[in-house]
Each structure stands twice: as C-alpha cells, then as structure tokens.
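K.L.:
let's see this in three dimensions:
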Amino acid sequence: MPISKVSVVISTLVGEQLSKTIANINSGSLVPIEILICIPEKYSPRVNGIHDANVRVITTPFMGQVAQRAEGFRQAREALVMQLDDDIQLDTNSLEIMASNLLSLGRGNVVGPVIFNSVTNEPLTKINGNFRGVIDSLYASLVGGLPWGLRRMGTLSKIGACGCVDPRYCGVELFPTAWLPGGCSISFREDLIMENFFPFHGKAYSEDLIHSSLRSQNGIAHHVATRAKVTIDPPLRGITSESVIAEIRARRYVANLLEGSLTHATLAAVLDIVRRQIAALLLAIVPKRSNPKRSSSNIET
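P.N.:
Residues are numbered from 1 along each chain as shown. Now for the predicted structure:
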C-alpha cells in the first residue's frame, strides 16, 4: 500500500489557527491526498478563504466535535485516516512516521504521536524524577488509581484517569498504551468508529477516553510513535460552573463505561479541576514575584 494514501479529518468551528494547521500539514514530508474540514453549515462561510487543492470542506447540519469528525470519517476516501485537532502542529516527518508505523503494525491498530508544549518545547505531560515526581505519583495512584511512577505511562484506570507517555523514558519506537489523546492519531479506515459516540451537548470532555475505550472493545490496540512529535499551545485553564458540571458528567460516563466507581470518578474529577486551577494561579503569580522580565517559555508546567 503506498504510504502517501492518507486522508486527514479536522473537526472545527474554524479557530484562528486552522489556516496555519493546513499549511503545516501540507509542508510535511508526507502530504496527504485530502484534508477534510468538517464544519457546521452555519459556520461554513468561515472557510471560504481556504483554497488548497487537497482541502475538501464537509458541511454538517449538526454541531459537535465527535459528530462532525464521524461525518468526515464516513467521507474519507483513503486507506489511512488521521484525525487532527485544528490547533495542532506536526513536525516535518511526524505524519510519515506515524503512517509508516501503522503500516508495519497492520489492521487492528491505531497510532498517535507525542504531544509537546509549544511554549516550553517539552512533553505536554512530563514524568518528573525529583520530589515533585513522588508527589505526582502519589496523586496519580491515590486519586486516579494509576500505577506508580513510570508504570503509569499510557495506562487508563477504571475511573478514567490516564497516564501520558513521556518519550524520554520509553526506549522503543512504538510504545503500547491503553488510550490515545484525541488531538492526533492515525488508523486504517476500516478500523474507524464512524458513529457519534459522545452522548452530551457542548464541549466534548473526555471524548478521547470514550473513543479509546470503544476502540479497545473492538480489539484495536493503541500505540504512541515516540519519534513522531506534534505541538500544541498550553490549554486555557479558565472554568465556569457549566464547564465543571460538563467535565464531571463526562468523567462519570467514562467510569461507567469502564465499570469503575462513580463516586471515586466524581471525587477525582473535582480534585483534578481544583489542582489545575491552583497550578494556573501559581503560574500567574510566580513569574511576577521571582523575575518580572522572565519569559513564560521558561516556566515549567
């Protein structure tokens, strides 16, 4: 199978980075045959200025990240299909590496990259080896139900806590995992889940965990290609009462899907939200107190 036969599916409302993302994809070592921009009809005028030859706009009568992406999956024409968020930037060889890895594995597998923080140029989630690492492991184990230390990389607990992969500690080109983040992954078209599996309206919290669980039920194995790097801006950490309710609701749904404790999942979700807010406050305060001229790119997240 020619490695160039790739479709890229992007579910979007057209954020400010979409044009940059398309240009980034098309400047890589492997240029996809088609890029499907899946967008609700009422927002379709926002893509009128995109004229790349391999871009195909798919308008949908509905709105929702998972539903829009599923429509893109159904209309994708190529044997390999990559799902991509509209704000992720791939390194030059990343798509080619992931496609090559997937072809070597064969059907029944899905491959994702390592996600880096665009500000710090470090893995978005790191495994720390110092005292902070001990605290992180205590929290992940006691609150999330995850294995200790490095053993939590790529794991998924019954309450929907998940361990990310830090490429510094992998030692292999393909690292097996129980889940993959939803921002970027590549599958064989026949292995895609083409239904809208997200049961709620609004932001699709934890959809990647639901998606991974459903793939696992279908016998699909997950892998991280440790040489494939993508970057993303650090996520915004603001919250509202609606976002808190939606996140907890989604986490409980995942726990139910995984046959975990709903009470434990609720407590873990609340603690995760509080922890993120404390971390955001510290990041906002520490630079001002320690060095007013310090760049945010020097702040560890």
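
K.L.:
now the strands: where do they sit in the stretch 1-150 of the chain?
P.N.:
Residue ranges of the strands in the stretch 1-150 of the chain, as given by DSSP state E, counting those that start in this stretch, are 6-11, 34-40, 55-60, 80-84, 89-90, 109-117.

K.L.:
identify the residues contacting the third one?
P.N.:
Where contact means C-beta atoms under 8 Å, 6 or more residues apart in numbering, the residues beyond strand 55-60 that reach it are 22, 34-41, 44, 47, 50, 67-68, 71-72, 75. No exception for glycine: its C-beta is placed from N, CA and C like everyone else's.

K.L.:
mind listing the helices for the stretch 1-150 of the chain?
P.N.:
Taking DSSP state H, counting those that start in this stretch as the test, the helices found in the stretch 1-150 of the chain are 18-26, 65-75, 94-105, 131-142.

K.L.:
indicate which one of those is closest to residue 177.
P.N.:
Among the helices of the stretch 1-150 of the chain, helix 94-105 comes nearest to residue 177, with 13.1 Å by C-beta to C-beta.

K.L.:
tally of neighbours for the residue nearest to residue 19 when sequence neighbours are not counted?
P.N.:
Of all residues not flanking residue 19 in the chain, residue 50 sits nearest, at 6.6 Å (C-beta to C-beta, 6 or more residues apart in numbering). Close neighbours of residue 50, defined as other C-beta atoms under 10 Å, add up to 14.

K.L.:
can you pull the contacts of residue 50?
P.N.:
Residue 50 makes contact with 18, 19, 22, 37, 57 under the criterion C-beta under 8 Å, 6+ apart.

K.L.:
buried stuff in the longest helix along the chain?
P.N.:
Taking DSSP state H as the criterion, the chain has its longest helix at helix 262-290. The neighbour-count criterion (16 or more other C-beta atoms under 10 Å) identifies 264, 265, 266, 268, 269, 272, 273, 280, 287 as the buried residues of helix 262-290.

K.L.:
and stretch 119-132, by the same measure?
P.N.:
In terms of neighbour count (16+ other C-beta under 10 Å), stretch 119-132 has its buried residues at 119, 120, 123, 124, 125, 126, 127.

K.L.:
just give me the closest of those residues to residue 179.
P.N.:
Checking the buried residues of stretch 119-132 one by one against residue 179 (C-beta to C-beta), the nearest turns out to be residue 125, at 12.8 Å.

K.L.:
confidence score at the closest one?
P.N.:
With respect to pLDDT, residue 125 scores 86.

K.L.:
follow-up on the earlier one: just the buried members of the contacts of strand 55-60?
P.N.:
Under a neighbour-count criterion of 16+ other C-beta under 10 Å, the subset of the contacts of strand 55-60 counted as buried comprises 22, 34-40, 47, 67-68, 71-72.

K.L.:
since that was my last question, I'll sign off now.
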